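> Provided below for reference: sequence and predicted model.
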Amino acid sequence: MRFLIPLITATSIFLAASAWAGDWPMWCGRPDRNMASDEKGLPDRFDEASSRKTTNLANVKWAVKLGTGAYGSPVISGGKVFLGGAEDAFSRNDTVAALWCFRESDGKLLWRMRSPYLTGALNRSFGVTCTPAIEDGKLWLANHNGDILCLSTEGLAAGNKGPFTDEAGYYATGRKLVKSEIGPDGRRVLEWTAGTPAAPGALDADILWRFDLLHEANAWCYNALNQAPLVRGDYLYVNTGSVFGIHSDGSQIPINAWEKSNGRKIQDSPDLIVLDKNTGKLLALEKEGLFRAAFHGVHASPTLARVNGKDLIIFGAGNGTCWAFEADFAPGPDGGPGALKVAWKFNPLDPANYSPGFFDKKLDQAEAIGTPVFYNNRVYMSIGNDLIKSGRRAGAGRLVCIDATKSGDVSRTGLVWAFDKIRSTSSTPAIADGLLYTADASGTVWCLDAETGKLCWSHDTAEIWGSPLAADGKVFVPTHGRGLLVLAQGRTKKVLSDANGNEDLVSSPAVANGVLYLVSQNYLYALQKGATGSAVGR
């Protein structure tokens, strides 16, 4: 097990390592968010399940049929596999978000958390898209309806541990909008009434605490809460995804123009908060007004970095800027939430950092969708435009390498190198043996020298929304509609298995204990070299 000693006292040990093997208990498997692992003996191809073939699947240990879709990535801890998505409805008129817990050995469903959609709630129609974090028998995630939840990894079969005991009310069979209006600060106010409560049983989740982002942090989430929480000691760092408001075309409503037109100021919402992981109490928040600059949403997850003997939280904002906050903080006035202190900030679109003609690419609305990666005192972050508008027509992007040892506004002093050939991307890079592997939505995989940013090779394939994973001398790349692409690690391109399947892999892979996990819109696959398993329904 990877977390045998407290993370807060062992950060420097963890971040000094290049990769790990064992469980995969969080997004990217590790707090520095590098998509790399020391696992060995992984397969480089597999049989996809289909209507004609669901048995004797090559290199498939097991595969489980999912519900109506899955966009999150799996986490693996304590003999269990956890995955968020959307499943069959409670009734014909309801659609249900879900978090599933499967047995690691054979894919048997152990329990699941189900909660209905809040119809019309800011377009959150993807189910549970968050990748959870797990530690010491507890699981933390951002739910689709604006909740931060702490669950027991054992489910209700092990008893209702509390202090939250109203699982029946939370598992209501349906909720419908009864009021929608513009609130005092100009934003949408939503009120809900619960349907008939469902009686949860042994196959349901045990909720330990619940934090309501809207009512307890004034955080207005949009689209999908797909970011992943970060655990550090007793602290839980969470991206709230808060934005001001969204036009029908998906663009941000300009706050300054709205305030001027309406003659009043909008109350700030935090895009990054800190909760007590044991109780859910709000402890601290960023007060830099980051939500004001967001173009569409705030999707990147927080990253932990150890720099000059101090822990930093690296955060990609909704306008493409990168921020480093000091991980420790002082309480606020009267014991209220404290303010996160800025260690440094970096704007990848500062005029001093682009070459002539760069803005001919029309990168005028940059977002940080992929998560920043910390590696050898540097931060690697990509920016681009929302992928719903891009695909094969993906707009311009940018990959930057930032010196994490500086302080203050490092927009003109912290750039180590920039790579401008990449298109818009949601991929989080993987770095192994000094090489960086990443991808963009147009379908290009890139291999760069992590030290210099020099291009080693590229490879064109189908659209890519997920992130490459570097493990076992291979680079596993999920593609949007053509299955899995496997390339060899190294400075020379070598294709081990081309992406010529049909599975729609929009999530990022995970690896744990010698098994590679892939999530399609139809199945969760557990891949093991030499296995010949079957695909089954839940």
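Perfect, thanks for sending it. This one's a predicted model, so the numbers in the text were calculated from it and none came from an experiment.

> Pull the contacting residues for Leu57.
Contact analysis of Leu57 by C-beta atoms under 8 Å, 6 or more residues apart in numbering lists 46-49, 63, 532-535. Quick note: C-beta positions are derived from backbone N, CA and C, even for glycine.

> Need the CA coordinates for stretch 489-506. CSV is fine.
C-alpha atoms of stretch 489-506 as CSV (Å, rounded to 0.1, in the frame of the first residue of the first chain):
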residue,chain,number,x,y,z
GLN,A,489,8.3,4.9,-24.5
GLY,A,490,11.4,6.4,-25.9
ARG,A,491,12.8,9.1,-28.2
THR,A,492,12.0,7.1,-31.3
LYS,A,493,8.3,6.5,-32.2
LYS,A,494,7.2,2.9,-32.2
VAL,A,495,3.6,1.8,-32.4
LEU,A,496,2.9,-1.4,-30.5
SER,A,497,-0.9,-1.5,-31.0
ASP,A,498,-2.8,0.8,-33.3
ALA,A,499,-6.1,2.3,-32.3
ASN,A,500,-8.3,0.4,-34.6
GLY,A,501,-11.2,-0.6,-32.3
ASN,A,502,-14.6,0.9,-31.7
GLU,A,503,-14.7,1.7,-28.0
ASP,A,504,-15.2,5.3,-27.1
LEU,A,505,-12.6,5.9,-24.4
VAL,A,506,-13.0,9.5,-23.2
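
> Helix or strand with the lowest mean pLDDT in this structure?
Of all helical and strand segments in the chain, the minimum by mean pLDDT, DSSP states H and E falls on helix 7-16, at a mean of 37.

> what's the next secondary structure element after that helix?
strand 36-37 (DSSP states H and E).

> What helices and strands are in contact with that next one?
Applying 3 or more C-beta pairs under 8 Å, 6 or more residues apart in numbering; DSSP states H and E, we find strand 36-37 packed against strand 430-432, strand 469-471.

> next one: the last one to chain centre, how far?
A distance of 17 Å separates the C-alpha centroid of strand 469-471 from that of its chain, computed with C-alpha atoms, centre = their mean, to the nearest Å.

> now the next helix or strand after it: mean pLDDT?
Per DSSP H and E, the first helix or strand lying C-terminal to strand 469-471 is strand 474-478. Per-residue pLDDT over strand 474-478 has a mean of 98.

> Also stretch 67-75?
Per-residue scores along stretch 67-75 average to 87.

> Mind listing residues that contact it?
So stretch 67-75 is contacted by 24-27, 81-88, 95-96, 98, 126-134, 224, 226, 466, 506-510, 517, 519-521, 524, 538 (C-beta under 8 Å, 6+ apart).

> same thing but 6 Å
Here stretch 67-75 makes contact (C-beta atoms under 6 Å, 6 or more residues apart in numbering) with 24-25, 81-88, 126, 129-132, 134, 506-508, 510, 517, 519, 521.

> before we move on, what about stretch 506-526?
23-24, 37, 39, 41-42, 49, 61-65, 69-71, 73-74, 76, 83, 465-467, 469, 471, 476, 480, 503-505, 527-528, 535.

> and what of stretch 408-427?
Against stretch 408-427 from outside (C-beta under 6 Å, 6+ apart): 344-347, 350, 352-353, 369-370, 382, 384-385, 387, 390, 394-395, 397-403, 406, 438-442, 453, 465, 467.

> give me the low-pLDDT residue ranges for this structure?
1-21, 88-95, 116-125, 173-195, 222-224, 245-252, 354-365, 386-394 (pLDDT under 70).

> What segments of it are helices?
7-16, 167-170, 213-217, 255-262 (DSSP state H).

> Report the buried residues of the lengthiest strand in the chain.
For the chain, the strand with the greatest residue count under DSSP state E is strand 523-533. By 16 or more other C-beta atoms under 10 Å, the buried positions in strand 523-533 come out as 523-529, 531, 533.

> wait, which of those is closest to Val274?
Among the buried residues of strand 523-533, Leu524 lies closest to Val274 (C-beta to C-beta), at 31.4 Å.

> Tell me what the closest one is bridged to.
Assessed by DSSP bridges, Leu524 has beta-bridge partners Val64, Val519.

> so how far is Pro132 from it?
Distance, Leu524 to Pro132, using C-beta to C-beta, to the nearest Å: 14 Å.

> cool, and Trp100?
Distance from Trp100 to Pro132, counting by C-beta to C-beta: 11 Å.

> for Val298, same thing?
In this structure, Val298 and Pro132 are 19 Å apart, going by C-beta to C-beta.

> so who does the residue nearest to the spatial centre of the chain touch?
For the chain, the residue nearest the mean C-alpha position is Gln227 (3.6 Å; C-alpha atoms, centre = their mean). Counting by C-beta under 6 Å, 6+ apart, Gln227 makes contact with 239, 301.

> Can you pull the phi/psi pair for it?
Recorded main-chain torsions at Gln227 are phi -70, psi 160, according to degrees, to the nearest 10.
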